[in-house]
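J.: I'd like to go over a predicted model; first the sequence, then the structure.
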Amino acid sequence: MNSAARALLACCCAMLSLDAQQWTSWGGEPGGSRFSPLTQINRANVCNLKPAWSYHTGERKPGAVNFSPDQVDSFEATPLMVDGVLYFSTPSSRVIALDAETGKEIWRFEPQAPWPVWARAHQPHRGVAYWQSPDGRDRRILFGTCEAGPTSHLFALDARTGKPKPDFGDRGAVDLRRGAADATPDLLYAVTSPPAIYGNLAIVGAEVPEYPSKGPSGDVRAFDVRTGKLVWTFHTVPHPGEAAHGDWEAESAKGRTGANVWSVMSVDAQRGIVYLPIGSASYDFYGADRKGRNLYANSLVALDAATGGLIWYFQMVHHDVWDYDLPAQPVLFTMRRDGRDIPAVAQITKMGLLFILDRVTGKPLFDVVERPVPRSRVPGESTWPTQPFPVKPPPLAAVSLSTGASSPARPSGRSCAELARTIERSGLYVPYGTRTTLATPGELGGGNWSGGSMEPSTGRLFVNTNNLFSVGRLELQWTGSPEKYRRTGGRGDHDFFWDENQVPCQRPPWGSLTAVDTNTGTIAWSVPLGRMPGFDGNTGTPNIGGSIATAGGLVFIGATVDNFFRAFDTGTGKELWAAPLPAAAHATPMTYVGKRNGKQYVVVAAGGGGVFRGSVSDTLVAYALPN
């Protein structure tokens, strides 16, 4: 790059604030909009985007193949970029810092270092959080872990060195199992998403068991980022004497696990509110021992971020028996209506339904109606008679099995046909029965933790969804089992409605990218996302991993099982660029400007794995325009 070009880039970058050039929160900013005001890469030149550098974590052998679901944990991290340094996590809870312009490693921290590599715990881990003191002298990386043992800690690292801060907790770490999983030392308690940062607080959720029904608490807790001291706790399953405790019949709330925040929280820093997308109560497919709506499970909950006090809640699934967690980070944005600006929050769900609420009051900004849904036929179960449906926007994913489900274009439809003949009931909110039931969508969504990205100038929210169904039945368990019934499909493969090649049994599209006009509640455009190998045309594919939007008029997204990274036009949905990856990018990308060279980079983790077969890798890839 010549001196004139460098000067021009420096001038352009000077016009943007420092925060605009960085990526300081998992969702781009605390409200989770995943929007960048950068325009250096735009509609006109994105076709010229090239790999700039790549980095290998060393946790997976590039080119290896995942032959069965859950054999390999996904590399799902979204890096942060602060002051020229990238910070990200890996499935073994490592944290790594890289030079943002070259990809050269600066430091790494390994919380499981005493354990041999083969014995270390691995879980999908989506990233870390950044905090700094007002004078900028104290800079910390905060993150929770999944460690062998099993143990789980909240660490505070010096952002410059990667060393634990000795003034935080016990030599840089807080034992997260203490106070949440003391009575169940052998059951899962882990952190897979970054804490939410508000002031001097790190607000932390956790992953807890989905089976059995009793176990570690799903409570959300806030810790002082300087000392590690516990500041407040919010009981996601209300304790006796608390509001909503009566929503749990008899003593069913006692010792209940689930109802946890395993995904990413959002913060309205101006109003001092933190938003919790809470998951389902355990056991998540049979709830005879937890009759009632089961608040605050499956609810978006707004808390006073300083105290943990409840401000409002909105439950999006009553008495969940489908594993319909609230999986995605709430997206905070400003709605335009009748010339007024309304502070709003959008919550994406596994049902493919999008709820848009006033983020101050929790009131729906588009009508939500309670509609009757099918009742369970399983002995002892008492499903809720109605479920909430937003009138607008329309569902973003298939919510029923259309006529002629098996596609004649499929190269092998026999297993699908055999499976289809066993189905007794199907549809959205049809409870699993003792005979084969088809849930539409399945527990992968609809929407998932992939969430959405926002274009503030148009109010468009970009959401990727799966048209992937789940099949299964409830089987009576042996005497003395923790639960009377447990779901099974008898086929493995997460019991999805797909064939032995993981090709969905219904007609495409099997995955979509949709632009929702949040001001009107209408669909601006929707396009298939990805191309299934062996099929003609844009079939869309199953996908996990989110999108980002930029002021250059672009939506960047990987996610698909065809191992491509793509850019779409925010105005039309037209695919403008696609690049092959070493494995599927089951992660959300990010973008920033190099501190020294003024270049805009787009970075994504390409790891493959998870529930999907195919190639796996350990690669973080950065793209930029040629000099």
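T.: Perfect, I can see it now.
J.: Regarding the chain, what is its longest strand?
T.: Longest strand of the chain, by residue count under DSSP state E: strand 340-348.
J.: Just the residues contacting that strand, thanks.
T.: With contact meaning Cβ atoms under 8 Å, 6 or more residues apart in numbering, strand 340-348 is reached by 266, 268, 271, 275, 277, 300, 316, 326-328, 330-336, 354-360, 365, 396, 447, 451-452, 461, 463, 518. C-beta: built from backbone N, CA, C; applies to glycine.
J.: That strand: partners in the sheet, and parallel or antiparallel?
T.: Applying DSSP bridges, strand 340-348 is found paired with strand 331-337 (antiparallel), strand 354-358 (antiparallel).
J.: nearest to Gly246, of those?
T.: strand 354-358 (24.2 Å; Cβ to Cβ).
J.: Give me the contact list for that closest one.
T.: So strand 354-358 is in contact with 300, 314, 316, 335, 342-349, 363-366, 368, 388, 390, 393, 396, 447, 461, 463, 516, 518, 521, going by Cβ under 8 Å, 6+ apart.
J.: Spit out the contact partners of Leu86.
T.: Leu86 touches 79-80, 97-100, 603, counting by Cβ under 8 Å, 6+ apart.
J.: Dig out what it forms beta bridges with.
T.: Residues in beta-bridge contact with Leu86 (DSSP bridges): Met81, Leu98.
J.: how close does it sit to Ala121?
T.: Leu86 sits 24 Å away from Ala121, going by Cβ to Cβ, to the nearest Å.
J.: Next: Val373.
T.: Distance from Val373 to Ala121, by Cβ to Cβ: 38 Å.
J.: And the two? Which one has more around it.
T.: More crowded of Val373 and Ala121, by other Cβ atoms under 10 Å: Ala121, with 21 against 17.
J.: May I ask you to confirm that the more buried one is in contact with Cys146?
T.: Yes: counting by Cβ atoms under 8 Å, Cys146 is a contact partner of Ala121 at 5.0 Å.
J.: which neighbours do these two share?
T.: Common neighbours of Ala121 and Cys146 (criterion: Cβ under 8 Å, 6+ apart): 93, 190.
J.: From the opening residue of stretch 220-233 to its closing one, how far?
T.: Across stretch 220-233, the terminal residues are separated by 6 Å (Cα to Cα, to the nearest Å).
J.: and that stretch, how far out from the chain's middle?
T.: Stretch 220-233 sits 23 Å away from the centroid of its parent chain (Cα atoms, centre = their mean, to the nearest Å).
J.: residues of the longest strand of the chain that come out buried?
T.: Using 16 or more other Cβ atoms under 10 Å as the test for burial, strand 340-348 gives 342-348.
J.: still on that earlier bit, out of the contacts of Leu86, who's the most crowded?
T.: Ala100 (30 neighbours).
J.: Filter the contacts of strand 354-358 down to just the buried residues.
T.: Neighbour-count burial (16+ other Cβ under 10 Å) applied to these gives 300, 314, 316, 335, 342-349, 364-366, 368, 388, 390, 393, 396, 447, 461, 463, 516, 518, 521.
J.: all helices for this protein, in order.
T.: 3-14, 18-21, 414-421 (DSSP state H).
J.: Just give me the residue right at the centre of this protein.
T.: Trp449 (2.1 Å; Cα atoms, centre = their mean).
J.: what sits against that one?
T.: Shown in contact with Trp449 (Cβ under 8 Å, 6+ apart): 126, 193, 263-264, 327-329, 544, 546.
J.: now Asn466
T.: Here Asn466 is in contact with 397, 441-442, 444-446, 448, 510-511, 542-543 (Cβ under 8 Å, 6+ apart).
J.: From these, pick the one nearest Gly607.
T.: Asn543 (14.0 Å).
J.: Next, the contact list for the closest one, please.
T.: By Cβ under 8 Å, 6+ apart, the contact set of Asn543 is 450, 464, 466, 511, 529-530, 559-561.
J.: same thing but 10 Å
T.: 444-445, 448, 450, 464-466, 468, 510-513, 529-530, 557-562, 584-586, 612 (Cβ atoms under 10 Å, 6 or more residues apart in numbering).
J.: And it, how close does it get to Thr361?
T.: 34 Å.
J.: And the pLDDT for the residue nearest to Leu513 when sequence neighbours are not counted?
T.: Nearest residue to Leu513, sequence neighbours excluded (Cβ to Cβ, 6 or more residues apart in numbering): Leu529, at 4.4 Å. In this model, Leu529 is scored at 98, pLDDT.
J.: in stretch 523-530, what counts as buried?
T.: Buried residues in stretch 523-530, defined by neighbour count with 16+ other Cβ under 10 Å: 524-530.
J.: Repeat that for stretch 19-34.
T.: Within stretch 19-34, the residues that count as buried by 16+ other Cβ under 10 Å are 20-34.
J.: about what we covered before: for Glu475, find the nearest of the strands paired with strand 340-348.
T.: With Cβ to Cβ as the measure, strand 354-358 is the member of the strands paired with strand 340-348 nearest Glu475 (33.3 Å).
J.: Pull out the CA atoms of that closest one and give them to me as PDB.
T.: The C-alpha trace of strand 354-358 is given here as PDB (Å, rounded to 0.1, in the frame of the first residue of the first chain):
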ATOM      1  CA  LEU A 354     -40.400 -13.400  16.400                       C
ATOM      2  CA  PHE A 355     -41.700 -11.400  19.400                       C
ATOM      3  CA  ILE A 356     -41.200  -7.600  19.400                       C
ATOM      4  CA  LEU A 357     -41.800  -5.900  22.700                       C
ATOM      5  CA  ASP A 358     -41.400  -2.500  24.300                       C
END
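J.: Now do that strand, average pLDDT.
T.: The predicted model assigns strand 354-358 a mean pLDDT of 98.
J.: and it, which residues are buried?
T.: Neighbour-count burial for strand 354-358 [16+ other Cβ under 10 Å]: 354-357.
J.: Spit out the contact partners of the residue nearest to Thr514 when sequence neighbours are not counted.
T.: Distances taken as Cβ to Cβ, 6+ apart put Ser526 closest to Thr514, at 4.1 Å, once the chain neighbours are dropped. Residues in contact with Ser526 (Cβ under 10 Å, 6+ apart) are 396, 463, 465, 509, 512-516, 573.
J.: repeat that for 8 Å
T.: Counting by Cβ under 8 Å, 6+ apart, Ser526 has contacts 396, 512-515, 573.
J.: again, but for Asp323
T.: With Cβ under 8 Å, 6+ apart, Asp323 has these contacts: 210, 280, 284-285, 350, 443.
J.: let's see it at 10 Å
T.: Per Cβ under 10 Å, 6+ apart, neighbours of Asp323: 210, 258, 279-280, 282-285, 317, 350, 439, 442-444, 470, 487.
J.: What count of nearby residues applies to the residue nearest to it when sequence neighbours are not counted?
T.: Nearest non-adjacent residue to Asp323, counting by Cβ to Cβ, 6+ apart: Glu443, 4.0 Å away. For Glu443, the neighbour count with other Cβ under 10 Å is 25.
J.: Do I have it right that Glu443 meets Asp495?
T.: Yes: using Cβ atoms under 10 Å, Glu443 is in contact with Asp495, at 8.9 Å.
J.: who touches both of the two?
T.: 469-470, 472, 487.
J.: In TSV: the residues you listed, plus neighbour count and pLDDT.
T.: Listed next are these as TSV, based on neighbours: other Cβ atoms under 10 Å; pLDDT from 0 to 100:
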residue	neighbour count	pLDDT
Phe469	27	94
Ser470	22	94
Gly472	24	93
Arg487	23	94
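J.: What about those residues, which are in strands?
T.: Going by DSSP E, the strands hold 470, 472, 487 from the shared contacts of Glu443 and Asp495.
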